[in-house]
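> Give me coordinates for this.
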Amino acid sequence: MTAIEVGIVNYPKVMQSSLYGLEELFLLANQLGEQHELQQHFSVSLFDLASVEQSLTGLGRGKSVSSLQIVIIPPSVDGDYYLSPEQDLQDWILKQHASGAVMCSACAGAFVLAATGLLNNRPATTHWGLAAGFENQFPAVKLDINKILINEGDIITAAGLMSWIDLGLELVAQFMNPSIMRQLGKILIVDTGMREQRYYQSFTPRMDHGDQAVLKAQHHLQQNFHKPVKVSALSRLSILTERTFLRRFVKATGFKPIQYLQRLRIQKACNMIESSNDTFESISFSVGYEDASAFRKTFLKIVGLTPRDFKRRFSAH
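Here you go, the predicted structure:
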């Protein structure tokens, strides 16, 4: 039997269910592999900060730097350690990567991985709710929060708190067998088909940027999203020239005013689709679109699902 050595980082305030959930996911994969007489099996080790330091100095009895094939940095559910991981952990991650290990992160784990510089100028994902902070801290990373998982070969990043399941399934497919991954998904009752994080996103605009003129415009849009809106009117409301208003609005929110309004309307429509039996034509009109067909195209472009598919996936009705 050939062992696939996996190291999972048990850093402070890590999501404990992801640590042991991943361990058990690989254990189930091993059981399926044995049934199919495969020669590979996963061997999982947990690395806390003490064992990371021992591994760096060669004093530990755990896996050596060169023996791991997969390193996983799980999500965090509390605290802010992931925002400034200590240098020993960063050095250990860099050495693992240099020795050929596939580096993986889920949710806030992407912050730890990005701190090493390994994600610079490369696509990556993290939880959509952490996107603004991530972009501020790591502007060199090509963040794509629409994706649940991005596999770059030597680096795999996954998005949400529970994306460690998607990550684990991806690793089973890559290192063991895709058919084992699909069978494992059936046992776990987990969707192994293609999904995107944008299906689950809510538009939560930034309001803590400190630009009072832009904030005034945001409040106006929040109350009048269903009405026609012109940039010139927003700039007058903010007592700024149109050019200055546009520059400051984009800097504060990350969106142009029209893009911001589109996402605001889409979010309102999503809420209505989930909570009512109103037709999409009626919903389109109520959020400010007279042309339901045009709004349907905008909805698909931003959400990644048609209104009907969104309703099937998320509506309680």
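
> count of neighbours near Lys227?
By other CB atoms under 10 Å, the residues close to Lys227 number 9. (C-beta placed from N, C-alpha, C; glycine too.)

> so who does it touch?
Applying CB atoms under 8 Å, 6 or more residues apart in numbering to Lys227 gives the contacts Gly288.

> which SSE is it in?
Using DSSP states H and E, Lys227 sits in no helix or strand.

> cool, the one 5 residues further on as well?
Assigned by DSSP H and E, Ser232 falls within helix 231-237.

> What's the first helix or strand after that helix?
Later in the chain than helix 231-237, the nearest helix or strand by DSSP H and E is helix 242-253.

> Which of the residues in that next one are classified as buried?
Neighbour counts over helix 242-253 (16 or more other CB atoms under 10 Å) mark 245-246, 248-249, 252-253 as buried.

> cool, and stretch 28-45?
Buried residues in stretch 28-45 (16+ other CB under 10 Å): 28-30, 32-33, 38, 40-45.

> Stretch 237-248 spans what distance, first to last residue?
With CA to CA, to the nearest Å as the measure, stretch 237-248 spans 14 Å from end to end.

> do stretch 113-129 as well
OK, stretch 113-129 end separation, CA to CA: 18 Å.

> chain center to the lowest-mean-pLDDT helix or strand in the chain, what's the gap?
Of all helical and strand segments in the chain, the minimum by mean pLDDT, DSSP states H and E falls on helix 307-314, at a mean of 83. How far helix 307-314 lies from its chain's middle: 21 Å, per CA atoms, centre = their mean, to the nearest Å.

> Packing partners of that helix?
helix 257-275, helix 280-286, helix 292-303 (3 or more CB pairs under 8 Å, 6 or more residues apart in numbering; DSSP states H and E).

> 6 Å instead, please
Counting contacts by 3 or more CB pairs under 6 Å, 6 or more residues apart in numbering; DSSP states H and E, helix 307-314 is packed against helix 257-275.

> for Gly117, phi and psi?
Phi and psi for Gly117, reported as degrees, to the nearest 10, are phi 90, psi 0.

> how much space between it and Cys107?
Between Gly117 and Cys107 the computed distance is 20 Å (CB to CB, to the nearest Å).

> re earlier: contacts for the helix holding Ser232 next, please.
With CB atoms under 6 Å, 6 or more residues apart in numbering as the test, helix 231-237 has contacts from 217, 220, 242, 245, 257.

> same thing with stretch 305-317?
Stretch 305-317 is contacted by residues 199, 273-274, 277, 280, 299-300 when judged by CB under 6 Å, 6+ apart.

> Please pick the buried ones from these.
The neighbour count (16+ other CB under 10 Å) marks 273, 280, 299 as buried among the contacts of stretch 305-317.
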